[in-house]
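Visitor: What would the 3D arrangement of this be:
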Amino acid sequence: MIAAALTPIIPIAFAFLLPLSSIICGYRKRLIQLYALVGTGLTLWAAVNLFEATFASSVPLIYTFGKWHAPIGIVYEVDRLSALLALLIAVLMFLIAVYSVEYLRAEEGISWYFTLYLGLEAGLLGAVLTGDAFNFFVMIEVTSITAYGLVAFYRRRRDAVAASLKYAFIGALGTTLYFLALGVFYGAFGTVNLADLSAKVHGFVFPITNVATGNIVLASGLALALAMWAFLIKAAIVPNHFWLPEAHPAAPSPISAILSGLVVNIGIYAIIRFLFTVYGTPLDGRLQTVVNTLRSVLMALGAISAIFAALTMTVQTDIKRLIAYSTIMHMGYLVMAVSLGTMFGLQAAVFHLVNHALAKALLFLAAGVVIHAAGSRNLAQLKGMGRRMPLTSFALTVGALALIGVPPFNVFFSKLALFNAFWEKSSVAAIVLVLSSAIALVAYTKVFYTVWLEKPKSEPAGNEPTVMSSVVLFLALLCLALGIIAPMIFGRFIEPTAAQVIDFFAYIHGVL
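Guide: Below is the predicted model:
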């Protein structure tokens with residue numbers, strides 16, 4: 001399936017050619033911006049085609065690079081989860097690129113911004129499309145390195161450089177842990193192809209590599225512990241969360257939206273892929289014990305993250321740090337849902353992952369417009385901005401209400417799905433969801449009061465930035481529309497996606 005290869009290849013090709021193209025066009029901003037929009041637009045087109053093809057097929061789609069078949073060569077295996085997340089990435093990256101054009105109008109170095117931006121998109125897409133655990137490592141490295149550079153875009157600011165270095169150090173630790181996990185997997189199983197790993201875990205013979213030769217119970221315990229630690233770093237789960245509240249305030253607001261809406265999702269995606277596709281139930285008794293223990297640890301860390309982040313939100317005076325802690329809270333929900341190991345938990349996790357990404361991107365982009373106008377991230381400096389920028393402040397309010405879980409916005413329905421999934425297995429988990437949401441409401445109420453009700457520090461002046469306000473208004477309407485049609489979205493896309501993820505045999509058979 002050529003669309004599987006094209007989707008990440010388009011942005012990486014545009015990224016490689018952008019520095020040279022910038023020289024040829026004399027670093028003309030408008031041409032560089034147009035180039036970036038064409039690159040992200042073509043990627044969106046490829047992702048739409050891939051999404052349509054995947055949902056029209058009853059089995060995962062396969063693309064073999066250089067005609068080298070698994071497990072020898074790298075394959076892209078695209079199931080409905082991969083295609084859904086690829087579409088989400090492509091949509092948001094295109095919209096945020098449009099937003100960035102106006103946001104960075106007065107900045108220098110936009111050729112390097114968009115080079116890293118396109119590279120980041122390629123890494124995100126490659127991570128969700130690949131069917132090879134080592135290639136996933138390569139793609140999260142591409143994602144991480146480009147993200148470090150974008151966080152430090154304002155390189156003359158000490159906080160930007162410090163945040164980027166902190167992010168880089170903890171990110172390097174995470175990828176190192178995952179690389180060690182790959183070594184353990186390969187030593188015991190003789191493969192790093194995900195379908196091959198799943199086959200050996202479930203006792204099937206795979207061509208060429210045949211059967212596992214090591215102690216797969218011991219190897220699985222060690223490798224999963226290392227890999228999950230790495231994925232929890234990427235997903236910003238307590239106690240591996242501290243890079244995220246530092247990176248968000250320092251980064252340009254479009255990059256904050258990507259970090260919270262997309263980059264952290266890669267950690268959740270990886271947990272889903274390993275716990276459901278590779279180590280999906282049923283398992284041998286000892287292996288099942290290893291996986292159940294891991295799920296219990298994940299449930300506890302997710303719950304701690306949700307409560308801790310909700311409480312920390314209430315004392316923030318920097319609006320971007322406040323929203324960053326909201327991300328940690330929602331990542332906690334997702335880890336809890338995935339750790340349930342049930343069909344309902346997986347459905348709720350996938351649904352919430354998509355809804356949270358859209359609403360969180362909306363919230364950060366709307367906050368970015370307000371910050372851009374006020375010249376400050378401090379809530380005290382944003383008094384009365386709602387009167388000055390009504391469209392943007394309306395979008396900011398929609399994003400906050402959606403994330404709190406107010407109907408009829410999209411996140412309400414995925415939170416409802418989460419609550420039902422939690423209540424089925426653990427009333428404590430359901431209470432954590434309700435309690436943390438109530439605490440977060442206090443933090444968002446402070447934002448509402450400051451932005452809308454407090455007296456402005458100065459008289460309204462100027463107009464709202466047209467392009468940026470249009471993007472956030474579109475996302476606000478999208479969050480409303482997806483809430484209205486949530487039952488249809490859940491039945492037509494989320495349920496089939498979760499069903500295919502749980503069917504690990506179809507994933508194995510697709511490669512065979």
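Visitor: residues touching the residue nearest to Leu340 when sequence neighbours are not counted, list them.
Guide: Nearest non-adjacent residue to Leu340, counting by C-beta to C-beta, 6 or more residues apart in numbering: Lys425, 5.2 Å away. Any C-beta I mention is one placed from the backbone N, CA and C, and that applies to glycine too. Applying C-beta atoms under 8 Å, 6 or more residues apart in numbering to Lys425 gives the contacts 340, 342, 345.
Visitor: Could you check how many residues crowd around Gly66?
Guide: 7 (other C-beta atoms under 10 Å).
Visitor: helix or strand for the residue nearest to it when sequence neighbours are not counted, which one?
Guide: Distances taken as C-beta to C-beta, 6+ apart place Gly73 nearest to Gly66, at 6.4 Å, with adjacent residues excluded. Using DSSP states H and E, Gly73 sits within no helix or strand.
Visitor: how close does Gly73 sit to Lys67?
Guide: Distance, Gly73 to Lys67, using C-beta to C-beta, to the nearest Å: 8 Å.
Visitor: cool, Leu416 as well?
Guide: Counting by C-beta to C-beta, the gap from Leu416 to Lys67 is 47 Å.
Visitor: what about these two, which has more around it?
Guide: A count of neighbours by other C-beta under 10 Å puts Leu416 above the other of Leu416 and Lys67, at 16 against 6.
Visitor: Give me the secondary structure label for the more buried one.
Guide: Look at Leu416: counting by DSSP: H, G, I helix; E, B strand; the rest coil, its state is helix.
Visitor: Any stretches of this structure with poor pLDDT?
Guide: Scanning the chain for pLDDT under 70 picks out 1-5, 456-463.
Visitor: How are the strands of it distributed by residue range?
Guide: 61-64, 75-78 (DSSP state E).
Visitor: surely Ala374 meets Lys383?
Guide: No. Look at Ala374 against Lys383 with C-beta atoms under 8 Å: they stay out of range, at 9.1 Å.
Visitor: Could you report the neighbour count for Ile145?
Guide: If you count neighbours by other C-beta under 10 Å, Ile145 ends up with 18.
Visitor: Ok, Leu401 next?
Guide: Residues near Leu401, counting by other C-beta under 10 Å, number 21.
Visitor: now do the one 5 residues further on
Guide: By the other C-beta under 10 Å criterion, the neighbourhood of Val406 contains 16 residues.
Visitor: ok, and the closest non-adjacent residue to it?
Guide: Per C-beta to C-beta, 6+ apart, closest to Val406 is Phe412, 6.0 Å.
Visitor: quick one: contacts for that neighbour?
Guide: Applying C-beta under 8 Å, 6+ apart to Phe412 gives the contacts 402, 405-406, 483.
Visitor: Greatest separation within these: which pair is it?
Guide: Spatial extent of these (C-beta to C-beta) is set by the pair Gly405 and Gly483 at 10.6 Å.
Visitor: all helices in the stretch 101-250 of the chain, in order from the N-terminus.
Guide: Assigned by DSSP state H, counting those that start in this stretch, the helices in the stretch 101-250 of the chain fall at 110-129, 133-151, 158-189, 194-201, 216-234, 243-250.
Visitor: of those, which approaches Met93 most closely?
Guide: Of all these, it is helix 110-129 that lies closest to Met93, at 4.6 Å by C-beta to C-beta.
Visitor: now that closest one and helix 216-234, what's the angle there?
Guide: 150 degrees (axes from the mean of the first three to the mean of the last three C-alpha atoms, to 10 degrees).
Visitor: Tell me how many other residues crowd Ser426.
Guide: The burial count for Ser426: 16, using other C-beta under 10 Å.
Visitor: gap between it and Phe189?
Guide: According to C-beta to C-beta, Ser426 and Phe189 sit 32 Å apart.
Visitor: How about Asn240?
Guide: 27 Å.
Visitor: Same drill for those two, tell me which one is more crowded.
Guide: Phe189 (25 against 21).
Visitor: what sits against that one?
Guide: Contacts for Phe189 (C-beta under 8 Å, 6+ apart) come out as 196-197, 200, 209, 212, 214, 216, 219.
Visitor: quick one: Phe94 and Thr43 touch, right?
Guide: Yes. In this structure Phe94 lies within contact range of Thr43 using C-beta under 8 Å: 7.3 Å.
Visitor: more crowded one of those two?
Guide: Thr43 (28 against 22).
Visitor: Could you double-check that the more buried one sits in contact with Ile10?
Guide: Yes. Taking C-beta under 8 Å as the definition, Thr43 is a contact partner of Ile10 at 4.8 Å.
Visitor: Give me the nearest residue to Phe493, chain neighbours excluded.
Guide: Nearest to Phe493 is Leu84, by C-beta to C-beta, 6+ apart, at 6.7 Å.
Visitor: State the distance from Met343 to Gly302.
Guide: The gap separating Met343 from Gly302 is 18 Å, by C-beta to C-beta.
Visitor: Of the two, which one has the most company?
Guide: Neighbour count, other C-beta under 10 Å: between Met343 and Gly302, Gly302 has more, with 26 against 15.
Visitor: you'd agree the more buried one is up against Ser339?
Guide: Yes. The pair Gly302 / Ser339 is scored as a contact, 6.4 Å apart, by C-beta under 8 Å.
Visitor: who's in contact with the closest residue in space to Gly109 that isn't next to it in sequence?
Guide: The shortest distance from Gly109 to any non-neighbouring residue, by C-beta to C-beta, 6+ apart, is to Phe153 (7.4 Å). Counting by C-beta under 8 Å, 6+ apart, Phe153 touches 109, 113, 160, 251-252, 255.
Visitor: Out of these, the closest to Leu34 would be?
Guide: Nearest to Leu34, judged by C-beta to C-beta, of the contacts of Phe153 is Tyr113 at 14.4 Å.
Visitor: And the residue lying closest to that closest one once chain neighbours are set aside, how far from Thr143?
Guide: Distances taken as C-beta to C-beta, 6+ apart put Phe153 closest to Tyr113, at 6.0 Å, once the chain neighbours are dropped. For Phe153, the distance to Thr143 (C-beta to C-beta) stands at 16 Å.
Visitor: Spit out the contact partners of the nearest residue to Tyr186 once chain neighbours are set aside.
Guide: Spatial nearest neighbour of Tyr186, chain neighbours left out: Val192 (5.6 Å); criterion: C-beta to C-beta, 6+ apart. Val192 sits next to 71, 132-134, 182, 185-186 when contact means C-beta under 8 Å, 6+ apart.
Visitor: cutoff 6 Å now
Guide: If you count contacts by C-beta atoms under 6 Å, 6 or more residues apart in numbering, Val192 has them with 133-134, 182, 185-186.
Visitor: any idea which of the residues you listed is closest to Ile266?
Guide: Ala133 (13.6 Å).
Visitor: burial of that closest one, as a residue count?
Guide: Neighbours around Ala133, by other C-beta under 10 Å: 24.
Visitor: where does the nearest residue to it once chain neighbours are set aside fall, phi/psi-wise?
Guide: Excluding the flanking residues, the one nearest Ala133 by C-beta to C-beta, 6+ apart is Val192, at 4.3 Å. Val192 adopts backbone torsions of phi -130, psi 10, taken as degrees, to the nearest 10.
Visitor: what about Phe65, neighbour count?
Guide: Neighbours around Phe65, by other C-beta under 10 Å: 14.
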